[in-house]
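K.L.:
sequence plus predicted model, see below.
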Amino acid sequence: MQKLPVYQVVNRGNFFNVFYIMIKDGVIELDGVVTESLPNTMFRVEVSDPSDATKKMSVLCTISGKMRMNYIKILPGDRVKLEVTPYDPNRGRITFRFR
């Protein structure tokens, strides 16, 4: 089955703008624990390796835009959910902080 592109049409005055929305197919979601707070809203997060559950791996993460807008604070020791792309598994984006 062929996947069709997702788009949104917006009417602005005399012309229409078509915005293509990216589909997040290649994102890997992981759970981890923040081990270190670094400058410029960077964090070192320790997650278990998805291929081998006994190994731990360290991921350098930033905060997602929604978390920055809502002033969500992250401290070392917090459990977080992060997104990692398959292109660079050593860098990620923190998308949720568990209570």
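P.N.:
All right, it came through fine. Residues are numbered from 1 along each chain as shown.
K.L.:
contacts only, for the nearest residue to L30 once chain neighbours are set aside.
P.N.:
Closest residue to L30 apart from its sequence neighbours, by Cβ to Cβ, 6 or more residues apart in numbering: V47 at 4.7 Å. For glycine as for every other residue, the C-beta is placed from the backbone atoms N, C-alpha and C. Listed by Cβ atoms under 8 Å, 6 or more residues apart in numbering, the contact partners of V47 are L30, D31, G32, K56, M57, S58, V59, L82.
K.L.:
rerun at 7 Å
P.N.:
Residues counted as contacts of V47 (Cβ atoms under 7 Å, 6 or more residues apart in numbering) are L30, D31, G32, M57, V59.
K.L.:
how near is it to T41?
P.N.:
19 Å (Cβ to Cβ, to the nearest Å).
K.L.:
so the residue nearest to L30 is in which element?
P.N.:
Take DSSP states H and E as the rule and V47 turns out to sit in strand 42-48.
K.L.:
that strand: how far from the chain's middle?
P.N.:
12 Å (Cα atoms, centre = their mean, to the nearest Å).
K.L.:
ok, the closest residue to E29 other than its chain neighbours - contacts?
P.N.:
Spatial nearest neighbour of E29, excluding adjacent residues (Cβ to Cβ, 6+ apart): E83 at 5.7 Å. Remark: with contacts taken as Cβ under 7 Å, 6+ apart, E83 is in contact with V27, E29, G92, R93, T95.
K.L.:
which pLDDT value does the model give the residue nearest to L30?
P.N.:
We have a pLDDT of 90 for V47.
K.L.:
same deal with K24?
P.N.:
K24 is assigned a pLDDT of 56 by the prediction.
K.L.:
G26 is in contact with T85, isn't it?
P.N.:
Yes: taking contacts as Cβ atoms under 7 Å, G26 lies within contact range of T85: 6.1 Å.
K.L.:
okay, and the beta partners of E83?
P.N.:
Beta bridges link E83 to E29, R93, judged by DSSP bridges.
K.L.:
and it, how far from T35?
P.N.:
For E83, the distance to T35 (Cβ to Cβ) stands at 18 Å.
K.L.:
kindly report the same for D52.
P.N.:
The spacing between D52 and T35, counted by Cβ to Cβ, is 19 Å.
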